[in-house]
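Enquirer: Need a 3D model of the sequence below.
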Amino acid sequence: MEAFSDGVLAIIITIMVLEIKVPHGQDFEDLIPLIPVFLSYVLSFLYLGIYWNNHHHMMQTVKKVTGNILWANLHLLFWLSLVPFVTGWIGENSFAHKPMALYGFVLLMAAIAYYILQLQIIRSHGNDSVLAKAIGKDVKGKISQVLYIAGIAFSWINNWISGAIFIFVALMWLIPDNRIEKIVKEN
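Expert: Model prediction:
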């Protein structure tokens, strides 16, 4: 399951970078219209990297894979597979309101899908499992979902505040979270 997920994420990132079109012209000024496209790519690349990293650590806790875990994992991959589309849309439209709202919705759904995957693993392995101990109350995961909802709401008011919220959530997850690594080493 982990190898399949890694492959899907690699394809998603590849599709996303292929959306960045080479400009017509040879001057650096010709790159200026690509700035929103590039910035949206960087943000989405960070998100996909964060999901890949956290997914990898979470899979270290899995001792048996059930059908529910497989479906929950596929559910997560579905939402992540939409990231190139919404990334392209916000980049091509300079972070306009409706594309930002949809971008936030996809991020929210991916976060919910990740949470569901965690729940399925914990249900399969028990409340005293390595994953259950490692994530505890998962405050950061819950705060992220609330911030995504705020980002979606702000996309209708001020798309730059919305973007700042999405950037903040990504930065929040860039801070290394070694809870799972620590618990895995102890067991």
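Enquirer: Grab the nearest non-local neighbour of the residue sitting nearest the centre point of the chain.
Expert: In the chain, the centroid-proximal residue (Cα atoms, centre = their mean) is residue 47; its distance is 4.1 Å. Leaving aside its chain neighbours, residue 47 sits nearest to residue 170 (5.8 Å; criterion: Cβ to Cβ, 6 or more residues apart in numbering). Every residue, glycine included, has its C-beta placed from N, CA and C.
Enquirer: Would you agree that neighbour is in contact with residue 43?
Expert: Yes. If you go by Cβ atoms under 8 Å, residue 170 and residue 43 touch, sitting 6.3 Å apart.
Enquirer: where exactly do the helices run in this protein?
Expert: For the chain, the helices defined by DSSP state H cover 2-18, 35-59, 67-81, 83-92, 97-125, 130-135, 139-155, 159-174, 179-186.
Enquirer: how close does residue 34 get to residue 40?
Expert: Noted for residue 34: a distance of 10 Å to residue 40, by Cβ to Cβ, to the nearest Å.
Enquirer: Which of the two has more residues huddled nearby?
Expert: residue 40 (27 against 15; other Cβ atoms under 10 Å).
Enquirer: Does the more buried one touch residue 91 like I think?
Expert: Yes. Judged on Cβ under 8 Å, residue 40 makes contact with residue 91 at a distance of 3.6 Å.
Enquirer: Just give me how far stretch 29-39 sits from the chain centre.
Expert: Between the centre of stretch 29-39 and the centre of its chain there are 23 Å (Cα atoms, centre = their mean, to the nearest Å).
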